[in-house]
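Enquirer: Next come a sequence and a model predicted from it.
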Amino acid sequence: MKLFMCLSFMVLCVLAKAQNAYVDSLGDRLKKETDTRQIVMIQQQMADWYRSNEQYQEAVDMAELSLESARKTSDNQLYIVKTYQILANIYANTDDYEQSQQYIDNALKIAEENVETLPFAYAYYAEAILRNTIYDSENAVKSLLEALSKIPDIEQEPLLASRIYYQLYAVYSEWGDDEKSYDYAQKSIEFADKSGNKNQLANSYTVLAVVYASLYYKQKEKTALDNAMLFSDKAIDLYRNFPGQVAANTYGIARMNKASYYLRYFDLQDTEIQQEIRQNVDEILNMKQLLAGSSYLIANGYGILSELARQNNDLQGAENYLMQAYLLMQAQKTPDYHTLANIVSTLSEIYAFLGDFEKAYKFQREATDYNNLLFDEKKNENTKRLEAQYQLKNKDKEVQQLKDKAETHKKQNYLLFGLIGLGITGAFFMFRSYHFNLRYSLAREKQLGAERQEAEIQLKYEQEEQARLKAEQQLMELQHQKLQDEVMANQLHLQHKNEVLQQIKEKLSGDGSVNIRQVLKEESLIDNDFEKAKFHIQELHPQFFKMLNEKSKQKLTSLDLKYCAYLYLGMNTKQIADLLNVEAKSVRMTKYRLKQKFDLDTETDLVGYLKNIAAPLLTTT
């Protein structure tokens, strides 16, 4: 064990030195270089390296130095646009959408002043990154295709081409289009290889592996799985063979994906497969220092080891791995609530299985708290993205209006010049003057008609945009309601677990013996029923319970509403009795009282009556 720890430390030191040595070599070149263009290119390369390694402040500082250097010469307009593109991408990565848009506007302004089209390619690429970040995928694709069209010779700009294809892969992968995802991932590899940028090539290998893994999941063809492992290994080999040129998080993601493929698609009874999983995860865990900005990778590594321990019925080991992940994520300045919620939920399951219900209850409550925080975080992020989308659309609208005004002004100038010409020659050619004036009037009338039609179209577009924004707001409200329903369902579950725990304590304090295994077995069955009920409760329209109260002739208690939900979901008397820990007779009496409260006769089926109430609500969701 000591020898392994020493070797791990030595590997970590070597990797850290390799990362620093690469940057130091660029820094040494920068100090010796006297040509301004070469200085700008090295500074941009260093800024891009810092960005890839999520060292954003260093990336900003170096990019600003590059911008300062590029401005010293009059013929470096393209380099200025490239630097603006890097800065725009950095701020998009850090969710500063306003600052990112400002640099994009600067890049577009310079591009418009140039005869060459290549500056537009970099500006549109930066715009695509921002649009993709704020989930404006359709316009991101338009910007990416526009960027491709502005590259005069794609062979001369292989790195930009590879990054454009990489982003196109990302969009089509999100849309579930495996065919286009595969094509764009292949093109990204082709141009990344030509560019010599090893980090971009490693990223491209990794996403092609993801495409093959997706194809295997859908088609179960072994060659697809073999290719997923092959291209993951290619990305890993680049990190080893070109020290410092591949970002640590790129390498970590490739290792994590490979471990996940083994865990999902291979036989875990095979000790060699288990060893492969541990080896890949250990590689990630040995890079804690280099992956300080990507702690979620370390936490996921512990999660994979925990799942492997559970497969081997080593619950103590699974608990230890999850606790390490839990402590790691809690120590972060910016908590990852999604990862934390998954960790504590799994810990709750393990402690419940071990019979430590107090800890199970504690961690389940934490899961609820983290889910609430995650919801608030996502709500704030969505609000911020919607605002950015709205501002971008307003900007696009303003740009189009300016273009229209410029075109109109241009036409008006032409008309004015025509009038001047008519005035000069009017004394000599009266008939011609009249003829030209008539043509001018007709053209003016047509122009006004076109402007009026454009105004009507613009008004219609604004109305449609308002309707779309309203629909998005309603969707967010519905999602908010569903999350609230999930929290309510979790609280009901926790309340039931607490009651069971109290009953066990009371029985243990008495004289009678308690069969703990039987109680846990019954609770496991109840959990299965509850999970099914919980899923359907979340899908119920939030107006369902309100309609129940309106239909009832007497006030319904919260227990009455719970019975109504379970009956609507098709649960029988025994299932409800087990879930609520009551006698079947009590369930039948409650159903009888509910029929009385709804003023139903003995012939009317209560379940059918509840489904009739929910039917119109479900058709509107």
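Expert: Great, that's in hand. Numbering: from 1, shown residues only.

Enquirer: Could you use CA atoms for every contact and neighbour count after this?
Expert: Noted.

Enquirer: Distance from stretch 65-77 to the middle of the chain?
Expert: Computed by C-alpha atoms, centre = their mean, to the nearest Å, the chain-centroid distance of stretch 65-77 equals 36 Å.

Enquirer: show me what contacts residue 471?
Expert: Counting by C-alpha atoms under 8 Å, 6 or more residues apart in numbering, residue 471 makes contact with nothing.

Enquirer: so how far is residue 465 from it?
Expert: 10 Å (C-alpha to C-alpha, to the nearest Å).

Enquirer: do the same with residue 145
Expert: Counting by C-alpha to C-alpha - residue 145 and residue 465 are separated by 25 Å.

Enquirer: the more surrounded of those two?
Expert: Set residue 145 next to residue 465 and count neighbours by other C-alpha atoms under 10 Å: residue 145 wins out with 18 against 14.

Enquirer: got a pLDDT number for the more buried one?
Expert: Residue 145 carries a pLDDT value of 96.

Enquirer: List the buried residues of the helix or strand where it lies.
Expert: Secondary structure assigned from DSSP states H and E places residue 145 in helix 137-149. Buried residues in helix 137-149, counting neighbours by 16 or more other C-alpha atoms under 10 Å, are found at 137, 140, 141, 143, 144, 145, 146, 147, 148.

Enquirer: Need those residues in a markdown table (columns: distance to residue 334).
Expert: Output for those, formatted as a markdown table (distance: C-alpha to C-alpha, whole Å):
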| residue | distance to residue 334 |
| --- | --- |
| 137 | 27 |
| 140 | 28 |
| 141 | 31 |
| 143 | 32 |
| 144 | 32 |
| 145 | 36 |
| 146 | 36 |
| 147 | 35 |
| 148 | 37 |
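
Enquirer: Give me the contacts around the helix holding residue 145.
Expert: So helix 137-149 is contacted by 120-125, 127-132, 154, 161, 164, 167-168, 171 (C-alpha under 8 Å, 6+ apart).

Enquirer: Show me those residues that map onto helices.
Expert: Using DSSP state H, the subset of the contacts of helix 137-149 located in helices is 120-125, 127-132, 161, 164, 167-168, 171.

Enquirer: so where's this structure shaky on pLDDT?
Expert: Counting by pLDDT under 70, the chain shows low-confidence ranges at 1-20, 74-76, 292-293, 381-382, 384-385, 387-389, 391-436, 477-508, 510-542, 616-621.

Enquirer: now whichever strand or helix holds residue 310, how far from the chain's geometric center?
Expert: If you go by DSSP H and E, residue 310 is part of helix 295-311. Put simply, helix 295-311 sits 21 Å off its chain's centre (C-alpha atoms, centre = their mean).

Enquirer: other SSEs contacting it?
Expert: helix 248-265, helix 271-285, helix 315-330, helix 337-354 (3 or more C-alpha pairs under 8 Å, 6 or more residues apart in numbering; DSSP states H and E).

Enquirer: and the angle from the shortest one to helix 248-265?
Expert: Angular relation of helix 271-285 and helix 248-265 on a 0 to 180 degree scale: 160 degrees, by axes from the mean of the first three to the mean of the last three C-alpha atoms, to 10 degrees.

Enquirer: Residue 469: how many residues sit nearby?
Expert: Quick note: residue 469 (other C-alpha under 10 Å) scores 14 neighbours.

Enquirer: Quick one: the strands in the chain, in order.
Expert: Taking DSSP state E, the chain contains no strands at all.

Enquirer: now the angle from the helix holding residue 310 to helix 271-285?
Expert: Going by the same axes, to 10 degrees, helix 295-311 makes 160 degrees with helix 271-285.

Enquirer: Need the buried ones from the contacts of helix 137-149 selected in ChimeraX.
Expert: Applied in ChimeraX, the following selects the buried portion of the contacts of helix 137-149 according to 16+ other C-alpha under 10 Å:
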select :120,121,122,123,124,125,127,128,129,130,131,132,161,164,167,168,171
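
Enquirer: Looking at the buried residues of helix 137-149, which is nearest residue 371?
Expert: Checking the buried residues of helix 137-149 against residue 371 by C-alpha to C-alpha gives residue 137 as the nearest, at 26.7 Å.

Enquirer: ok, back up a step: please tabulate the helices and strands packed on helix 295-311 in a markdown table, including the columns distance to residue 68 and mean neighbour count.
Expert: Formatted as a markdown table, the helices and strands packed on helix 295-311 follow (distance: least, C-alpha to C-alpha, whole Å; neighbours: other C-alpha atoms under 10 Å):
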| stretch | distance to residue 68 | mean neighbour count |
| --- | --- | --- |
| helix 248-265 | 29 | 21 |
| helix 271-285 | 38 | 18 |
| helix 315-330 | 39 | 19 |
| helix 337-354 | 40 | 20 |
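
Enquirer: okay, these in JSON lines with distance to residue 211 next?
Expert: Compiled in JSON lines, the helices and strands packed on helix 295-311 are given as follows (distance: least, C-alpha to C-alpha, whole Å):
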{"stretch": "helix 248-265", "distance to residue 211": "12"}
{"stretch": "helix 271-285", "distance to residue 211": "20"}
{"stretch": "helix 315-330", "distance to residue 211": "29"}
{"stretch": "helix 337-354", "distance to residue 211": "24"}
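
Enquirer: of all these, which lies closest to residue 550?
Expert: Nearest of these to residue 550, taken as C-alpha to C-alpha: helix 337-354 at 37.1 Å.

Enquirer: who does that closest one touch, helix- and strand-wise?
Expert: If you count contacts as 3+ C-alpha pairs under 8 Å, 6+ apart, helix 337-354 packs onto helix 295-311, helix 315-330, helix 357-426.

Enquirer: that older thread, name the residues of the helix holding residue 310 that are buried.
Expert: Using 16+ other C-alpha under 10 Å as the test for burial, helix 295-311 gives 295-310.

Enquirer: same deal with stretch 45-57?
Expert: For stretch 45-57, by 16+ other C-alpha under 10 Å, it's 45, 46, 47, 48, 49, 50, 51, 52, 53, 54, 56.

Enquirer: so how far is residue 23 from the fifth one?
Expert: According to C-alpha to C-alpha, residue 49 stands 8 Å off from residue 23.

Enquirer: cool, and the last one?
Expert: With distances taken as C-alpha to C-alpha, residue 56 is found 15 Å from residue 23.

Enquirer: re earlier: which of the buried residues of helix 137-149 sits closest to residue 383?
Expert: Distances from residue 383 to the buried residues of helix 137-149, taken as C-alpha to C-alpha, are shortest for residue 137 (16.8 Å).

Enquirer: Residue 259 reaches residue 283, doesn't it?
Expert: No - if you go by C-alpha atoms under 8 Å, residue 259 and residue 283 don't touch, sitting 10.5 Å apart.

Enquirer: relative orientation of the helix holding residue 310 and helix 315-330 in degrees?
Expert: Going by the same axes, to 10 degrees, helix 295-311 makes 170 degrees with helix 315-330.

Enquirer: Show residues contacting helix 295-311.
Expert: 252-253, 256, 259-260, 263, 268, 274, 278, 281-282, 284-285, 288, 291, 315, 317-322, 324-326, 328-329, 332, 336, 339, 343.

Enquirer: again, only this time at 6 Å
Expert: 281, 285, 317, 318, 321, 325 (C-alpha atoms under 6 Å, 6 or more residues apart in numbering).

Enquirer: what's the answer for stretch 112-132, then?
Expert: By C-alpha under 6 Å, 6+ apart, stretch 112-132 touches 78, 85, 92, 107, 108, 111, 140, 143, 144, 147, 150, 151.

Enquirer: I figured residue 43 hits residue 66, correct?
Expert: Yes - look at residue 43 against residue 66 with C-alpha atoms under 6 Å: they come within range, at 5.3 Å.
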